[in-house]
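J.: turn this into a structure:
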Amino acid sequence: IRRERKGKCLPGRTFTKPQEWSLGLIFLVSHFIFDCRVAPSGCEYYNRNESLIMAVNETMEKVFGVTSKIYPRDFGVKQLRYYYVELRDFIRNKILELPNYIRTAIIAEKKVFLQSFFDDEGSVHFEKRLVRGYQHNLDILRLVRKLLLDFGIESKIDERQWLARTGSLR
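T.: Residues are numbered from 1 along each chain as shown. A predicted model of the protein is given here:
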């Protein structure tokens, strides 16, 4: 029977805890917001894109000092697993902090956040000259729209689609 550990890693399982936001930490936390599962004993990241999987794993090593094997999943999806209970808690806290931090961050940090969003949630329609980002969280969509404006890019949120999916606009 697996049970949630009481906030401590197994002996010998340690990781580096960054004290401040950096481009690497923003890259990781934003990807964890979009394509991650925060599991009872750690974090799991999913993506089909091999280069993105490698970038996340390499950045995890640089920022936290941990790596993962790449696990194949269904439909070409690959998974990275980081089973450190304390890392899970650290990532959970950073996921809550990042939306507020990124609003007033420097432009390079905003760019990393937006790139993560569109890497994980975006699609391009060349015929229509359209870039879309798909997200269930309306607050995140509003944040993305605000950050795009900081780059002089106008965007809109199709709130009718969101309303049809969720039943409310909150």
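
J.: going by C-alpha atoms from here, please, whenever you check contacts or count neighbours.
T.: Noted.

J.: distance check, the closest residue to Tyr134 other than its chain neighbours against Ser41.
T.: If the residues on either side of it in the chain are set aside, Tyr134 comes closest to Glu121, at 5.2 Å by CA to CA, 6 or more residues apart in numbering. Counting by CA to CA, to the nearest Å, the separation of Glu121 from Ser41 is 25 Å.

J.: who's more crowded, those two?
T.: Ser41 (22 against 15; other CA atoms under 10 Å).

J.: got the phi and psi for that one?
T.: Comment: the main-chain dihedrals of Ser41 come out as phi -120, psi 10, following degrees, to the nearest 10.

J.: just the element for Trp21, please.
T.: Here Trp21, judged by DSSP states H and E, is contained in no helix and no strand.

J.: can you tell me which residues contact the residue nearest the centre of the chain?
T.: Among the residues of the chain, the one closest to the centroid is His31, at 2.1 Å (CA atoms, centre = their mean). Remark: with contacts taken as CA atoms under 8 Å, 6 or more residues apart in numbering, His31 is in contact with 116-117, 120.

J.: so it, which of the three states?
T.: Reduced to three states with DSSP: H, G, I helix; E, B strand; the rest coil, the structure at His31 is helix.

J.: and it, how close does it get to Asp158?
T.: With CA to CA as the criterion, His31 and Asp158 are 23 Å apart.

J.: again with Gly42
T.: In this view, Gly42 and Asp158 are 34 Å apart by CA to CA.

J.: neighbour count winner among these two?
T.: Using other CA under 10 Å, the more surrounded residue of Gly42 and Asp158 is Gly42, with 20 against 9.

J.: which residues does that one bridge with?
T.: Note on Gly42: beta-bridge partners Ala39, judged by DSSP bridges.

J.: pull the contacting residues for it.
T.: For Gly42, the residues meeting the contact criterion (CA under 8 Å, 6+ apart) are 81-88.

J.: many thanks, have a good one.
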